[in-house]
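Pasting the sequence and the predicted model now:
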Amino acid sequence: MAHIIAQPCIGTKDTACVAVCPVDCIHPTKDETEKFAAEEMLYIDPDTCIDCGLCVDECPVSAIFPQEDLPAEWAEFIERNAAYYKK
Ligand code: SF4
């Protein structure tokens with residue numbers, strides 16, 4: 001299991017989550033300038049996330065959920081988050 005970033009992140013990309021993640025598994029960061037500009041949202045690496053939950057309360061648009069609590073209409077974001085790390 002991992003945490004998932006969903007629809008509200010699109011166009012938001014606040015990055016407050018990036019600053020608190022203890023295992024740096026949220027990308028692209030603002031330091032990854034080209035990737036950050038190219039992506040419409042941020043993604044969590046499911047293989048690295050330790051499910052600590054610290055990112056959830058940092059998100060100003062409540063875009064991050066534990067996978068088991070992800071609203072059903074955003075189920076596609078499980079694969080969208082993972083896909084970013086398979087490129
Ligand atoms: Fe990082 Fe913890 Fe959020 Fe996973 S749950 S993305 S480890 S801050």
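Perfect, I can see it now. Numbering: from 1, shown residues only.

hang on, Ile64 packs against Ile4?
Yes - in this structure Ile64 lies within contact range of Ile4 using CB atoms under 8 Å: 7.1 Å. Using the backbone N, CA and C atoms, a C-beta is placed for each residue, glycine as well.

overlap in contacts of those two?
Contact criterion CB atoms under 8 Å, 6 or more residues apart in numbering; residues shared by Ile64 and Ile4: Ile44.

So which bits of the longest helix along the chain are buried?
For the chain, the helix that runs over the most residues, judged by DSSP state H, is helix 76-84. Applying a neighbour-count criterion of 16 or more other CB atoms under 10 Å, one finds Phe77, Arg80, Asn81, Ala82, Tyr84 buried in helix 76-84.

Looking at the residues you listed, which is nearest the ligand?
Lowest distance from the ligand to the buried residues of helix 76-84 (CB to the nearest ligand atom) belongs to Asn81, with 9.5 Å.
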